[in-house]
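Colleague: Take this sequence and fold it.
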Amino acid sequence: MDKLEIIKGKVYNADQLRNALNVWRLLDKKIVFTNGCFDLLHLGHVDYLSKAADLGDKLVIGLNSDASTAALKGSGRPITDEKSRSILLAALSFVDAVILFDESTPIELIRWVRPDVLVKGADYTIDQVIGADLVLKSGGEVKTIEFLPGYSTSLIEKKIRS
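Modeller: Sure thing, here's the model as predicted:
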């Protein structure tokens, strides 16, 4: 199997992810979940995601679909399509699974993934993190990670437009 096929194999549909989660749980792997749009992958994203991956054994990323990203970020977004964004994320060595979701929040995804650790950026407080109550109730942890200053998709977009 060539390397691109291996990378594409880390982009899951719901049934594939459920199967992988079952295997990982049988192997007693600590599952970390985070989500976002990850439009224009940049150093800030890599820093954040690598720190999230350090919190467990398997990193699962819930990726906002194109429709979901446009609804959240406004017209003109996403800049890169969901296929590109999912494959770029899957190409990172420390990412184990990427799954797209169409909803405005990942609450249903979090409900059935049942992560051991739920991660968001430190621009959120724990009580603002979607799904935190579910994860905490099931004995999991909720963590926030500081963003790398000076790196954001919005800043890159502004620089390109000016």
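Colleague: Isn't residue 124 up against residue 143?
Modeller: No. Using Cβ atoms under 8 Å as the test, residue 124 is too far from residue 143 to be in contact (10.6 Å). Where C-beta positions appear, they are placed from N, C-alpha and C, glycine not excepted.
Colleague: who's more crowded, these two?
Modeller: Between residue 124 and residue 143, counting by other Cβ atoms under 10 Å, residue 143 is the more crowded of the two (17 against 13).
Colleague: so that one, which of the three states?
Modeller: For residue 143, the reduced secondary structure class is strand; criterion used: DSSP: H, G, I helix; E, B strand; the rest coil.
Colleague: what pairs with it across the strands?
Modeller: residue 119 (DSSP bridges).
Colleague: So for it, what's the pLDDT?
Modeller: pLDDT recorded at residue 143 is 97.
Colleague: Hmm, it is touching residue 121, no?
Modeller: No. Judged on Cβ under 8 Å, residue 143 makes no contact with residue 121 at a distance of 10.4 Å.
Colleague: What is the burial count for residue 93?
Modeller: Residue 93: 7 neighbours (other Cβ under 10 Å).
Colleague: Tell me the confidence at it?
Modeller: Turning to residue 93, the model gives it a pLDDT of 98.
Colleague: Name all residues that make contact with it.
Modeller: Neighbouring residues of residue 93 by Cβ atoms under 8 Å, 6 or more residues apart in numbering: there are none.
Colleague: Which secondary structure element is home to it?
Modeller: Using DSSP states H and E, residue 93 is not contained in any helix or strand.
Colleague: got the phi/psi numbers for it?
Modeller: According to degrees, to the nearest 10, the main-chain angles of residue 93 amount to phi -60, psi -30.
Colleague: Make sure I have this right: residue 52 is in a strand.
Modeller: No. Counting by three-state DSSP, residue 52 falls outside a strand, being helix.
Colleague: Name all residues that make contact with the spatially closest residue to it that is not a sequence neighbour.
Modeller: Nearest non-adjacent residue to residue 52, counting by Cβ to Cβ, 6 or more residues apart in numbering: residue 119, 4.3 Å away. Residues near residue 119 by Cβ under 8 Å, 6+ apart: 32, 33, 34, 52, 55, 142, 143, 144, 145.
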